[in-house]
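Undergrad: Here is my input, please return the structure:
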Amino acid sequence: MRRRPALYLLSGLVAAAAILPVAVLLVIGLGAEATVAGQALEVLGNTVALTGLTVIGAVVVGVPLAFLTAFADIPGRNLWTGLLTAPLAIPSYLGAFAYFAAFGPGGEIADLTGLPSPNVQGLAGATLVMTLYTYPFVLLTTRAALRNLDAGTVDAARTLGMPLRQALLRVVLPRVRTSVAAGALLVALYTLSDFGTPAIMRFDTFTRVIFVEYNAFGTDRAALLSLYLLALVALVLFLESRFRPQQESPGRRLRLPLGPGQKAAVVSLAALVALATLALPVGVFGIWLVREGTAAFPPATVFNSAYASLLAAGVAVAAALPVAYAASLGRLGRTLERVTYVGFGVPGIVLGTALVAVGLQVDLLYQTLALLIFAYVVRFLPLAVGSARASLERTEASLVGAARSLGATPGEAFRRITLPLALPGILAGAALVFLEAMRELPATLLLRPTGFETLATHLWQVYEAGYF
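TA: You can find the predicted model right below:
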C-alpha cells in the first residue's frame, strides 16, 4: 500500500504530459489576436465533405467485403481476408503519392499505355484514396460481428419464405449496424486526422491549412484552426463511445454456397480492390526503382527513422507500465489511464503545432530530437498502455500472492513474477509504437531537428520538389 502513492504520482505525471498539448492550444487560442472565422467556415465545409464522402465510400466497400469474407465459400478465403485488410497497415499518404503520380496528364499510366487517364486531385482524388485505405476499419468491425451471429436466425427467415438476399438485408444487417457504425466512426476519425492525403491531393482541409499557416509563421492562426479540428475530433470520439458493437453468443456460422460464376465474380471483386490498394502503389514504386535505381536514396533516413522510432517505443513502454499497473489497482488508476488516451485522438498536425509553441517558449527544446520523441510518445502511448494492461491483467494473481506469502515485497513480486509474464504483450505494444512512429508524417515535419530526415519526411520533400 505504501507504494501506491508513488505509482499514482508517476501515472499522474504521464497523464499530465498526455494532455499538455491540448492545454497549450487552449492557452494560445484564448490569447490569440488573430481571427479565422471566415477561413474556418470554408475549411470546415471541405473537411466535413471529405470525411462524409470517405465514410460513405468505406461503408459501401467494407460491408460487402465483410459479408463475403465472413460467409462466402470462396477459394483462399483466408488469403483474401489478409489482402483486403492489408491497406490498414499502409500510410494513406503513400497511396496518395502513388495515385497522384500514376494518373493525370504525364502520369505513369499515360506514359506506359499512351492512353489518357483522369486527374485524381481535389475532393474526388482525396475521397478515392481515403476510402481505399480506410475501408478495412469497417470490414474488420463488421466481419467480427458477423462471425458471432447464429445462422439459425437466417434459417428461420428462410423457412418463412424470405429469399436469402432479403434475409441478409433485413435480418443480418440490422444486427451488425452498431459494428458498422463503430467502423465508420473510426474512418471519420482517421480522415479528420490525416494530413498527407489532402495535402498531396491539394485539397484544403484543416490539417493542410494548419500546416500552411505554420509555414507562414501564423502560429496563432494555426492554433485556432487546430482548436476547430479538435472540436470535430471530440465530436467523433463522443459518437464513437455511443456506438459500441453488440456482443452475441457465437452460434453456428452461416455459409453461403456459391456457384462457379458467383465465385469468379467475388474473387474478381476482391482482386480489383487488392489491385487498387496494393498492386498499383507497389507497381509505381517498382517502376521508379527499376528506372532510377537507389543511388539517389540517402541511407541515413532509414537509420534516423528507426532510431527515433526505437527511442519512442522504449520511452512509451517505460511511461505505460506505471499507468497500466495503476489501472489494474483501482478507479483512480483507471481514470488516469483514460486521460492518457487523449493524445491518440489528437491529430499529428495539431500535436506538432502545440509542441512547436512549447519549443518557441523553451529554447532548450526547440527543434530537438527530445521534443519529437515526446510527440511520438504522447500520440501513441495508448497503444503501449492498452497492450501492457491487457498483459498485466492476464497474469495469475495466485502467483503474485504466493510470492508475497514467501516474503517478497510488492516491488519484488512485480519485477520477478508479473513483469516476466507480461513481457510478450509489453513488447507487442512497443512494436506497435515503433511502427506508428515510423509512418508519422505531420508531427515529424513540424518537430524534427534541422537536417534530421526520416523516411516520411524524405518522401514529403521529394513530393514537394516534384522528384517522383
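Undergrad: and residue 182, how far is that from residue 270?
TA: 23 Å (Cβ to Cβ, to the nearest Å). Using the backbone N, CA and C atoms, a C-beta is placed for each residue, glycine as well.
Undergrad: more neighbours, those two?
TA: Ranked by neighbour count (other Cβ atoms under 10 Å), residue 182 and residue 270 place residue 182 first, with 26 against 22.
Undergrad: Next, the residues that contact the helix or strand the more buried one falls within from outside, please.
TA: Per DSSP states H and E: residue 182 is located in helix 177-193. With contact meaning Cβ atoms under 8 Å, 6 or more residues apart in numbering, helix 177-193 is reached by 47, 50-51, 54-55, 58-59, 62-63, 92, 130, 134-135, 137-142, 144-145, 206-207, 229, 232-233, 236-237, 239-240, 243-246, 345, 347-349.
Undergrad: Kindly recompute the last result at 7 Å.
TA: Helix 177-193 has contacts (Cβ atoms under 7 Å, 6 or more residues apart in numbering) with 47, 50-51, 54-55, 58-59, 62-63, 130, 134, 137-138, 140-142, 144-145, 229, 232-233, 236-237, 239-240, 243-246, 347-348.
Undergrad: Now it: average pLDDT?
TA: Averaged across helix 177-193, the pLDDT comes to 91.
Undergrad: and the helix or strand following that helix, what does it pack onto?
TA: Using DSSP H and E, the helix or strand that follows helix 177-193 in sequence is helix 196-200. Helices and strands touching helix 196-200, by 3 or more Cβ pairs under 7 Å, 6 or more residues apart in numbering; DSSP states H and E, are helix 92-102, helix 122-146, helix 206-215.
Undergrad: re earlier: how big is the angle separating the helix holding residue 182 from helix 206-215?
TA: Relative orientation of helix 177-193 and helix 206-215, computed by axes from the mean of the first three to the mean of the last three Cα atoms, to 10 degrees: 20 degrees.
Undergrad: So that it lines up with my notes, have the first residue be 410 from now on.
TA: Taking 410 as the first residue, the last one we looked at is helix 586-602.
Undergrad: Next, residue 627: phi, psi?
TA: The phi and psi values for residue 627, taken as degrees, to the nearest 10, are phi -100, psi 70.
Undergrad: Near residue 606, how many other residues are there?
TA: Residue 606 sits with 31 neighbouring residues when counted by other Cβ under 10 Å.
Undergrad: Now do it against residue 534, distance only.
TA: 9 Å.
Undergrad: now do residue 467
TA: 16 Å.
Undergrad: Compare neighbour counts for the two and give me the winner.
TA: Neighbours were counted for residue 467 and for residue 534 using other Cβ under 10 Å; residue 467 has more, 28 against 23.
Undergrad: And the more buried one, what's its pLDDT?
TA: Looking at residue 467, the pLDDT reads 97.
Undergrad: isn't it right up against residue 545?
TA: No - contact between residue 467 and residue 545 fails when scored by Cβ atoms under 7 Å: they sit 8.5 Å apart.
Undergrad: element containing residue 675, please.
TA: Per DSSP H and E: helix 669-683 holds residue 675.
Undergrad: Actually, residue 844.
TA: Per DSSP H and E: helix 828-848 holds residue 844.
Undergrad: Which neighbouring elements make contact with that helix?
TA: helix 709-736, helix 778-803.
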